[in-house]
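[1] my questions concern the predicted model and sequence given below.
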Amino acid sequence: DAKTTQPTSMDCAEGRAANLPCNHSTISGNEYVYWYRQIHSQGPQYIIHGLKNNETNEMASLIITEDRKSSTLILPHATLRDTAVYYCIVRGGSSNTGKLIFGQGTTLQVKP
Amino acid sequence: DTEVTQTPKHLVMGMTNKKSLKCEQHMGHRAMYWYKQKAKKPPELMFVYSYEKLSINESVPSRFSPECPNSSLLNLHLHALQPEDSALYLCASTLNRYSGNTIYFGEGSWLTVV
């Protein structure tokens, strides 16, 4: 599975959009980009995933560049409850074992 | 409903004890996972079950013994653990191992080995 690179930490003002970047320059054509978040002491929460097209759901939007080498998770109106560790994960590949391998993630701090 | 239920939420066990963690889902999912998470670290994959068969063991010590008695239930049997095995143990499930299917996590079981 391709490796991802995320900033270690980010801050965002409450009510503003939070834009979390992720680089996955070695992604292959059949690999998906997944985003999860983990609030302290809870299980990881699924946010969104995509293959090639941009995706939107009630939680967030996922913007994938045309070359698929990077993506951005957008939380449109961040609240204090969005403070968490956000994981960008590339999943799939030729072995297609279905593994979900977590990297270090980005700690997002939403401030009043 | 995307619920994965893990019990117990907290477990304290001695190094000579035998205990089990339980995970249950009723979503018709046929792939189930165990992860281990130490403090301030990301979750690490331990085991993957697919259609009730063990398909991936990430070189986990034999003191951890997984079991999948049916398609809804996943157990992790613990025996002769060490204090360094204290961690949050997470269970997850998905429809099957196809990478486009979302994996859903439970809230975890906190294990303390004394």
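    Looks like it arrived, so ask away. Numbers count the residues shown, from 1 in each chain, chains lettered A, B, ... in the order given.
[2] all contacts plus neighbour counts: C-alpha atoms, from now on.
    Noted.
[3] tell me the strands beside the helix or strand hosting A:Thr107, with direction?
    Secondary structure assigned from DSSP states H and E places A:Thr107 in strand A:106-111. Using DSSP bridges, strand A:106-111 pairs in its sheet with strand A:9-13 (parallel), strand A:84-91 (antiparallel).
[4] what residues sit buried inside it?
    Judged by neighbour count (16 or more other C-alpha atoms under 10 Å in any protein chain shown), strand A:106-111 contains these buried residues: A:106-110.
[5] likewise stretch B:16-27?
    Residues B:21-25 are the ones in stretch B:16-27 that count as buried (16+ other C-alpha under 10 Å).
[6] what about the spatially closest residue to B:Pro66 that is not a sequence neighbour, helix or strand, and which?
    Excluding its sequence neighbours, the residue lying closest to B:Pro66 (C-alpha to C-alpha, 6 or more residues apart in numbering or on different chains) is B:Leu76, at 4.4 Å. Here B:Leu76, judged by DSSP H and E, is contained in strand B:73-79.
[7] do B:Thr112 as well
    Using DSSP H and E, B:Thr112 falls in strand B:109-113.
[8] where along chain B do the helices fall?
    Assigned by DSSP state H, chain B shows no helices.
[9] how about the residues of it by chain A?
    Chain B comes close to chain A at residues B:41-45, B:48, B:90, B:97-100, B:102-108, as judged by C-alpha under 8 Å from any C-alpha of the partner chain.
[10] OK, contacts around the residue sitting nearest the centre point of chain B?
    The centroid of chain B falls nearest to B:Trp34 when counting by C-alpha atoms, centre = their mean (3.0 Å). Contacts for B:Trp34 (C-alpha atoms under 8 Å, 6 or more residues apart in numbering or on different chains) come out as B:45-48, B:89-92.
[11] so where is chain A shaky, pLDDT-wise?
    A:1, A:93-97 (pLDDT under 70).
[12] which residue ranges form the strands in it?
    For chain A, the strands defined by DSSP state E occupy A:9-13, A:18-23, A:32-38, A:45-50, A:55-56, A:61-64, A:70-75, A:84-91, A:106-111.
[13] can you list those strands in a markdown table and add distance to B:Pro66?
    Listed next are these as a markdown table, based on distance: least, C-alpha to C-alpha, whole Å:
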| stretch | distance to B:Pro66 |
| --- | --- |
| strand A:9-13 | 35 |
| strand A:18-23 | 34 |
| strand A:32-38 | 25 |
| strand A:45-50 | 23 |
| strand A:55-56 | 36 |
| strand A:61-64 | 35 |
| strand A:70-75 | 35 |
| strand A:84-91 | 24 |
| strand A:106-111 | 31 |
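[14] which of those is buried the deepest?
    strand A:84-91 (a mean of 26; mean count of other C-alpha atoms under 10 Å in any protein chain shown).
[15] B:Val114 touches B:Glu84, doesn't it?
    No: the criterion here is C-alpha atoms under 8 Å, and B:Val114 misses it with B:Glu84 at 9.5 Å.
[16] and the closest residue to B:Cys68 other than its chain neighbours, how far from B:Phe105?
    Distances taken as C-alpha to C-alpha, 6+ apart put B:Leu74 closest to B:Cys68, at 4.6 Å, once the chain neighbours are dropped. Per C-alpha to C-alpha, to the nearest Å, B:Leu74 is found 13 Å from B:Phe105.
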